[in-house]
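Colleague: attaching a predicted model along with its sequence, questions to come.
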Amino acid sequence: MAGPALPVRTARLLLRPHRPEDLDRLLEVYGDPDVCRYIPLGPWDRAEAETQLAARVRRTDYRGDPGLLGLVIDLDGVMVGDVVLFPVQGEPDTAEIGWALHPQHTGHGYAEEAARALLDLAFDHYGLHRVVAHVDARNVRSSRLCARLGMRLEGRHRQAHWARGEWCDFEVHAVLAQDRPAEGAPCSTSSSSP
């Protein structure tokens, strides 16, 4: 199967592969402690940004090499964040989705718009069965975003990961291809109790 037609256009955004000229903006996003508060890596320094960018420019096909799809969230020519889709080891046809957004661009629905487009690629282009998001339980905004995307809270793992010197809980949210709401329909927010 060929990779998706890139870039992907949404109502307001362009989702495109990373490019070498994204280095300074990528460093600005992932060098920000607020952005990295709930994700495993960061804050980055310039050397880490260079290493990460070198890997990210190759992430253009979930089924290709290296088996990841990572796209820049571009708003009017400005990188405001990125989204990623990667396989869950040992779970065929299941991917994990992730996102990061520059703090200056939160609260406008850009992460939701980009993640929704990535879910469309996951299910419609790649034919995946299930997409999950592992969310630090303290990250209320990402948990709410998962609900708006139609993802169900499947559980909460207590003190399941070590981050920045402390044990943290994380939540597992997931959506099945068959559970996706029709275009324009409200998303289900039902969940299991943690």
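Modeller: Structure's in. What do you need? The shown structure was predicted, so the numbers you read here are calculated from the model rather than taken from an experiment. Numbers count the residues shown, from 1 in each chain.
Colleague: rest of the way, CA atoms for contacts and neighbours
Modeller: Will do.
Colleague: what about the closest residue to residue 79 other than its chain neighbours, which helix or strand?
Modeller: With sequence-adjacent residues excluded and distances taken as C-alpha to C-alpha, 6 or more residues apart in numbering, residue 79 is closest to residue 73, at 5.7 Å. For residue 73, the host element (DSSP states H and E) is strand 68-75.
Colleague: what's that strand packed up against?
Modeller: The helices and strands touching strand 68-75, judged by 3 or more C-alpha pairs under 8 Å, 6 or more residues apart in numbering; DSSP states H and E, are strand 14-16, strand 60-61, strand 78-87.
Colleague: what would those look like in a markdown table with mean pLDDT?
Modeller: Written out in a markdown table, the entries for the helices and strands packed on strand 68-75 read as follows (pLDDT from 0 to 100):
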| stretch | mean pLDDT |
| --- | --- |
| strand 14-16 | 98 |
| strand 60-61 | 94 |
| strand 78-87 | 96 |
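Colleague: so residue 29, which state does it fall into?
Modeller: When classified by DSSP: H, G, I helix; E, B strand; the rest coil, residue 29 comes out as helix.
Colleague: correction: residue 111
Modeller: helix.
Colleague: how much space between it and residue 91?
Modeller: Remark: distance between residue 111 and residue 91 (C-alpha to C-alpha, to the nearest Å) = 26 Å.
Colleague: what about these two, which has more around it?
Modeller: Applying other C-alpha atoms under 10 Å to residue 111 and residue 91 shows that residue 111 carries more neighbours, namely 24 against 9.
Colleague: hang on, the earlier thing: turn the helices and strands packed on strand 68-75 into TSV, including mean neighbour count.
Modeller: Converted to TSV, the helices and strands packed on strand 68-75 look like this (neighbours: other C-alpha atoms under 10 Å):
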stretch	mean neighbour count
strand 14-16	21
strand 60-61	23
strand 78-87	22
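Colleague: who wins for proximity to residue 180 among these?
Modeller: Smallest distance to residue 180 across the helices and strands packed on strand 68-75 (C-alpha to C-alpha): 17.0 Å, for strand 78-87.
Colleague: what helices or strands is the closest one leaning on?
Modeller: With contacts defined as 3+ C-alpha pairs under 8 Å, 6+ apart, strand 78-87 has these neighbours: helix 23-30, strand 68-75, strand 94-101, helix 110-120.
Colleague: and the angle for that strand with helix 110-120?
Modeller: If you take axes from the mean of the first three to the mean of the last three C-alpha atoms, to 10 degrees, strand 78-87 sits at 40 degrees to helix 110-120.
Colleague: all set, thanks.
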